[in-house]
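J.: build the 3D model from these lines:
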Amino acid sequence: MKLIPLPAFTDNYIWMLHDGQAAWVVDPGDAAPVLQALAAHSLKLQGILVTHHHPDHTGGVAELRNATGAAVFGPYRENMPEPLRRMAQDETVEVLGLSFRVIEVPGHTSGHIAYYCAAMDGAPVLFCGDTLFSGGCGRLFEGTPAQMQASLETLAALPGGTRVCCTHEYTLSNLKFAREVEPDNTVLADYQTHCLALRAANVPTLPSTIAQERAINPFLRSNQPTIAASAQRFDAAQTANQGVFATLRAWKNQF
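T.: So this is what the prediction gives:
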């Protein structure tokens, strides 16, 4: 099984899974990169998974469905381009012989979902849209800090080897903020150096892993004393009133 990030727009990734004959894609905001990859690899598109309703994740769905007849799966509680099968918590979709389970992760949007496969080529895979990024998390356009924190805690509880396939190349900017929050985290410093080298070579920093994110992502580490101390230094009143996680998100918004 091949797992490929297809670059789109300025910093999006459309994830493609294929077995050499059939393919599925995740969050195709633009049809063109998908159609090009299908032609280049002589693949037939069978299905499309969508995590949330934002146009940079759905903009290519109709064109791809019309061109290929691919089935479309998306969140139960969001306004999505019909027709599609709407998916809720713990429902499953079969993708090239693999079972992906839906995890509801509100926060970035109110009905955002993720897709989790417990085993693909020996390691789990998570398609998490704009909920979890490497070194960061999505902005709260519709949900609350409490919702996003709960969603991230759910994802952080997945096995450490889970490959985190998020949909934006935001890693370097996220790590710059993470170093500001936790400057003495040596694992984070080493990861930043690694990711800088990848981007210098025009190689994606993704997928990350859940274990990696537990070690370096401040939004998964808001219960750590070092993170709490940084939040208090940034805005002690907000930290006291709204908590560390909400303060971190507000800080990142203006960083």
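
J.: from here on, contacts and neighbour counts on C-alpha atoms
T.: Noted.

J.: wouldn't Ala31 be in contact with Asn66 here?
T.: No: using Cα atoms under 8 Å, Ala31 makes no contact with Asn66, being 10.8 Å away.

J.: more neighbours, the two?
T.: Counted by other Cα atoms under 10 Å, Ala31 and Asn66 do not tie: Ala31 has more neighbours, with 19 against 9.

J.: tell me the contacts of the residue nearest to that one when sequence neighbours are not counted?
T.: Computed as Cα to Cα, 6 or more residues apart in numbering, the closest residue to Ala31 that is not its neighbour in sequence is Gly60, at 4.2 Å. Contacts for Gly60 (Cα atoms under 8 Å, 6 or more residues apart in numbering) come out as 28-32.

J.: now Val95
T.: Under the criterion of Cα under 8 Å, 6+ apart, the neighbours of Val95 are 24, 47.

J.: burial measure for the nearest residue to Val93 once chain neighbours are set aside, as a count.
T.: The shortest distance from Val93 to any non-neighbouring residue, by Cα to Cα, 6+ apart, is to Phe100 (5.3 Å). Applying other Cα under 10 Å, we find 22 residues neighbouring Phe100.

J.: need the longest helix for the chain.
T.: Scanning the chain for the helix with the most residues, using DSSP state H, yields helix 186-200.

J.: ok, and what's touching that helix?
T.: With Cα under 8 Å, 6+ apart as the test, helix 186-200 has contacts from 171-172, 175, 178-179, 183, 204-205, 215-216.

J.: picking that back up, looking at the contacts of Gly60, which one is closest to Asp121?
T.: Pro28 (23.6 Å; Cα to Cα).

J.: that closest one - that's part of a strand, no?
T.: No: secondary structure of Pro28 (DSSP: H, G, I helix; E, B strand; the rest coil): coil, not part of a strand.

J.: just to revisit the earlier point, only the buried subset of the contacts of helix 186-200, as a ChimeraX command please.
T.: Restricted to buried positions by 16 or more other Cα atoms under 10 Å, the ChimeraX selection for these reads:
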select :171,172,175,178,179,204,205,215,216
